[in-house]
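Novice: Need the 3D shape of this:
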Amino acid sequence: MGETSKNVVVRTNISPMLSVRRGTEAVEFYKAAFGAEELFKIEDNGAVVAQLGVEGSDFWVADESPEHFNFSPETLGGATVRIVLVVEDPHKMFERALQAGAKTVWPVEDQPYGWRLGRVVDPYGHHWEIGKPLG
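Specialist: Okay, the predicted model is just below:
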């Protein structure tokens, strides 16, 4: 951990920033689908950048900006990354995501490599593997 000059403790972590079309709508989807909380949000001329938290883990959502080389899966024709969301009850989170508008890629099932895992694609083209290790 580091410390800044304002005595703010900074914890090293990796947080994906998801480029989307319709950022404000996407923020609301992630709140509904995963119970995300808004930690930070700025809006400028209809574009949004938001930091969201799900059970202590955070990620960012931003409107795509091709001028900065940030493209959404809709623009690219697919996502370049999958997000792994580890939760205590994968079935419950999976169903919540479906109710919010995600689509099933494959259902939650026990995998031979020791995980209970399913995969959804959200309305913005990002793939989420929802699961937990078994045993």
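Novice: What is the neighbour count of residue 60?
Specialist: 15 (other C-beta atoms under 10 Å). Every C-beta, even on glycine, is put in place using the N, C-alpha and C of the backbone.
Novice: Also residue 73?
Specialist: Neighbours of residue 73 (other C-beta under 10 Å): 21.
Novice: how near is it to residue 65?
Specialist: Residue 73 sits 15 Å away from residue 65, going by C-beta to C-beta, to the nearest Å.
Novice: in this structure, which residue is closest to the centre?
Specialist: residue 59 (5.9 Å; C-alpha atoms, centre = their mean).
Novice: I'd say it and residue 85 touch.
Specialist: No. Using C-beta atoms under 8 Å, residue 59 makes no contact with residue 85, being 9.5 Å away.
Novice: For residue 27, which non-adjacent residue is spatially closest?
Specialist: Nearest in space to residue 27, with sequence neighbours left out and distances taken as C-beta to C-beta, 6 or more residues apart in numbering, is residue 50 at 5.0 Å.
Novice: Quick check: the one you found vs residue 7, distance?
Specialist: Applying C-beta to C-beta to residue 50 and residue 7 gives a distance of 26 Å.
Novice: Residue 29 now?
Specialist: Counting by C-beta to C-beta, the gap between residue 29 and residue 7 amounts to 36 Å.
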